[in-house]
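Enquirer: predicted model follows, preceded by the sequence.
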Amino acid sequence: PSGARSSFRLLKAGIFTAVTAALGATGYVTYAYSVDEVDQMTREFRKNSKLPISEDLSGFEKFKAMAYSETVKVPAAAIDLYLDVRSQIEDQIQGFVEPSSEKLLPDLPPQEQHVFTIVLDLNETLVYSDWKRERGWRTFKRPGVDAFLEHLAKFYEVVVCILIN
């Protein structure tokens, strides 16, 4: 029993080490290379995992080819999965990183070109949130906010935004 327990511990340590190394390598590759570079570098490896085994090989050569093919199927599938997931994540992120248009604000009409723009934060400037145990969260306009905005609109182009930390 103690020999089996020792072997099991060794097996667990080996699996843990392999998974840790795979995650570390994945993190480094994600940081150092683009999806296209990873695809290009692994294309030959993934292509070799799908090669058919020739019938005219000797028994040992056929066994060797079959063993190699089976051995690389899991890593090749993992690389394909990694490339698919990473491209989907990068496409999703790109929608938030890249501006949706060339300009953040449209051009003012020519008669208002001299007007300055004032940008106000909605949260905690124009409105505030309050929490009470009996009712939960509620959001309220600050007192006088309507008159404040009307007064500012006489002198400025008013832009209200939400700042996210």
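Expert: Alright, I've got the coordinates.
Enquirer: so what does the lengthiest helix in the chain touch, helix or strand wise?
Expert: Determined from DSSP state H, the single longest helix within the chain is helix 59-97. Using 3 or more Cβ pairs under 8 Å, 6 or more residues apart in numbering; DSSP states H and E as the contact test, the elements touching helix 59-97 are helix 35-48. (C-beta placed from N, C-alpha, C; glycine too.)
Enquirer: domains in this protein, by residue range?
Expert: What the TED database lists as the domains of the chain is 3-97, 116-161.
Enquirer: weakest of the ones you listed by average pLDDT?
Expert: For the domains of the chain, mean pLDDT drops lowest on domain 3-97, to a mean of 84.
Enquirer: contacts only, for the closest residue to Asn48 other than its chain neighbours.
Expert: The shortest distance from Asn48 to any non-neighbouring residue, by Cβ to Cβ, 6 or more residues apart in numbering, is to Val72 (6.7 Å). Val72 makes contacts with Phe45, Asn48, Ser49, as judged by Cβ atoms under 8 Å, 6 or more residues apart in numbering.
Enquirer: how much space separates Val72 from Val158?
Expert: According to Cβ to Cβ, to the nearest Å, Val72 stands 62 Å off from Val158.
Enquirer: the residue lying farthest from the centre of the chain and Lys64, how far apart?
Expert: The centre of the chain is farthest from one residue, Ser58, which by Cα atoms, centre = their mean lies 48.1 Å away. Ser58 sits 9 Å away from Lys64, going by Cβ to Cβ.
Enquirer: same deal with Ile164?
Expert: Relative to Lys64, and taking Cβ to Cβ, Ile164 is found at 57 Å.
Enquirer: so for the two, which residue has more residues nearby?
Expert: The neighbour comparison of Ile164 against Lys64 (other Cβ atoms under 10 Å) goes to Lys64, with 13 against 5.
Enquirer: distance of the residue positioned nearest the centre of the chain relative to Arg43?
Expert: Of all residues in the chain, the one closest to the mean position by Cα atoms, centre = their mean is Ile89, 4.2 Å from it. Using Cβ to Cβ, Ile89 is found at 21 Å from Arg43.
Enquirer: many thanks, I have nothing further to ask.
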